[in-house]
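Engineer: how would this look folded up:
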Amino acid sequence: GDTGYVVSILGIIGVVLIWIVLNHVASGNYDALDVALLFVQVTGMISTYGLKWHSNLKPVNTIMSIANFDVDFITPNCLIPWGKADSFFLQLLLPFIFGFLSFF
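Structural biologist: Down below sits the predicted model:
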């Protein structure tokens, strides 16, 4: 119902805002946080390998996936039809979108 729309929109806005804060505000001012963010992103990429990870690492791998700004983590399936091609093109456009937004 309507709750799904609201949750989807708030989730998408939340992930984008967290990503902006981490990448532009926090990591730009604190070198240690920048290094930590890079470590979390690399660890998140490694966690996607087809290895037998312990079940206790599943929540940690989810957090690592969010740190990589995985656009598949929150998709607007409740709002519009969304497929793999849409996620692919969104990832291609993200540098241009954030480059445009950096002027405001």
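
Engineer: pull the CA atoms of stretch 89-97 into PDB?
Structural biologist: Written as PDB, here are the backbone C-alpha positions of stretch 89-97 (Å, rounded to 0.1, in the frame of the first residue of the first chain):
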ATOM      1  CA  PHE A  89      22.500   3.200 -16.200                       C
ATOM      2  CA  LEU A  90      21.900   4.900 -12.800                       C
ATOM      3  CA  GLN A  91      25.400   3.800 -11.700                       C
ATOM      4  CA  LEU A  92      26.800   5.200 -15.000                       C
ATOM      5  CA  LEU A  93      25.000   8.500 -14.400                       C
ATOM      6  CA  LEU A  94      25.900   8.900 -10.700                       C
ATOM      7  CA  PRO A  95      29.300  10.700 -11.300                       C
ATOM      8  CA  PHE A  96      27.500  13.200 -13.500                       C
ATOM      9  CA  ILE A  97      24.600  13.700 -11.100                       C
END
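
Engineer: for residue 64, grab the count of nearby residues.
Structural biologist: Applying other Cβ atoms under 10 Å, we find 21 residues neighbouring residue 64. Quick note: C-beta positions are derived from backbone N, CA and C, even for glycine.

Engineer: now do residue 12
Structural biologist: Neighbour count of residue 12, defined by other Cβ under 10 Å: 16.

Engineer: same check, this time on the one 3 residues further on
Structural biologist: The burial count assigned to residue 15 is 16, neighbours taken as other Cβ under 10 Å.

Engineer: do the one 10 residues further on as well
Structural biologist: Neighbourhood size, residue 25 [other Cβ under 10 Å]: 11.

Engineer: count of neighbours near residue 54?
Structural biologist: Per other Cβ under 10 Å, the neighbour tally for residue 54 reads 7.

Engineer: phi, psi for it please.
Structural biologist: Here is the backbone geometry of residue 54 (degrees, to the nearest 10): phi -60, psi 150.

Engineer: okay, it and residue 40: tell me how far apart.
Structural biologist: Using Cβ to Cβ, to the nearest Å, we find residue 54 at a distance of 18 Å from residue 40.

Engineer: again with residue 18
Structural biologist: As defined by Cβ to Cβ, residue 18 lies at a distance of 13 Å from residue 40.
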